[in-house]
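Participant: Got a predicted structure plus its sequence, pasted below:
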Amino acid sequence: KNEVEQSPQNLTAQEGEFITINCSYSVGISALHWLQQHPGGGIVSLFMLSSGKKKHGRLIATINIQEKHSSLHITASHPRDSAVYICAGVFDTDKLIFGTGTRLQVFP
Amino acid sequence: DSGVTQTPKHLITATGQRVTLRCSPRSGDLSVYWYQQSLDQGLQFLIQYYNGEERAKGNILERFSAQQFPDLHSELNLSSLELGDSALYFCASSVGWYTEAFFGQGTRLTVV
């Protein structure tokens, strides 16, 4: 069964803190997406990666294929980073299975 | 702005009715995906089209159908609507598969 699990479900942080969100999956995937969903509902694709590490500004995503695990890191967190972060595994024929999301709140 | 356009943004309709949601992908993107996000189920993959052909199917009900037209826009048809179909419906597009997908703003469907 294709499964994607995220932790933690909820996360609060003070502005400036380093944040890590974890994602693990049960069977092999061809790629993994990290998405950000703001309170208004819109979804933004942050990263798609199939190996190694990607960085964009203060966001870093890593994936370890052998351990079936990915992490999203936010450095120097800011209140505007408050959102739901969702990982999604790309399983055969491009079918996306989503994690349940991590709700992040960053306080000033 | 992702470049993916969904219409309408909001839709309120009664049980038993049929609605059509529309998605225009980013210019040059051949793949269109449909997703449903409800409060109790989270985000779920419904269906994917690539260059007019159905490519992958997820948890799509038989009452739902979709198609992708020659100009690559896509429509999701929901019929015999039930209260439980109330959700946010997202469309996303990508150049091919295993490539980054860009999401539309979603259509919020409320069935009363």
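Facilitator: That came through, no problem. Residues are numbered from 1 along each chain as shown, chains lettered A, B, ... in the order given.
Participant: Please, where are all the strands along chain B?
Facilitator: B:5-7, B:10-13, B:19-24, B:31-38, B:42-50, B:53-57, B:64-68, B:74-78, B:87-94, B:102-103, B:107-111 (DSSP state E).
Participant: Check which residues of the fourth one are buried.
Facilitator: Neighbour-count burial for strand B:31-38, counted by 16 or more other C-beta atoms under 10 Å in any protein chain shown, picks out B:31-37. C-beta: built from backbone N, CA, C; applies to glycine.
Participant: Turn those into CSV, columns for pLDDT and distance to residue A:63.
Facilitator: As requested, these are exported to CSV (pLDDT from 0 to 100; distance: C-beta to C-beta, whole Å):
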residue, pLDDT, distance to residue A:63
B:31, 92, 22
B:32, 94, 26
B:33, 93, 21
B:34, 95, 26
B:35, 94, 22
B:36, 95, 26
B:37, 93, 24
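Participant: List just the nearest of the residues you listed to residue B:77.
Facilitator: Using C-beta to C-beta, residue B:34 comes nearest to residue B:77 of the buried residues of strand B:31-38, at 10.6 Å.
Participant: For the residue nearest the centre of chain B, give its distance to residue B:105.
Facilitator: Nearest to the mean C-alpha position of chain B, by C-alpha atoms, centre = their mean, lies residue B:34 at 3.4 Å. Between residue B:34 and residue B:105 the distance is 14 Å, computed by C-beta to C-beta, to the nearest Å.
Participant: picking up where we left off before, and chain A, which of the buried residues of strand B:31-38 contact it?
Facilitator: By C-beta under 8 Å from any C-beta of the partner chain, the members of the buried residues of strand B:31-38 lying near chain A are B:31, B:33, B:35.
Participant: Touching, the first one and residue B:52? I think so.
Facilitator: No: Residue B:31 is not in contact with residue B:52 according to C-beta atoms under 8 Å; the separation is 10.8 Å.
Participant: hey, where'd the strands end up in chain A?
Facilitator: A:4-7, A:10-14, A:19-25, A:31-37, A:43-49, A:52-56, A:59-64, A:69-74, A:83-91, A:95-98, A:102-107.
Participant: ok, back up a step: I'd like the strands of chain B laid out as a markdown table, including distance to residue A:36.
Facilitator: Output for the strands of chain B, formatted as a markdown table (distance: least, C-beta to C-beta, whole Å):
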| stretch | distance to residue A:36 |
| --- | --- |
| strand B:5-7 | 18 |
| strand B:10-13 | 22 |
| strand B:19-24 | 20 |
| strand B:31-38 | 14 |
| strand B:42-50 | 13 |
| strand B:53-57 | 24 |
| strand B:64-68 | 26 |
| strand B:74-78 | 23 |
| strand B:87-94 | 13 |
| strand B:102-103 | 10 |
| strand B:107-111 | 19 |
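Participant: Cheers, nothing more for now.
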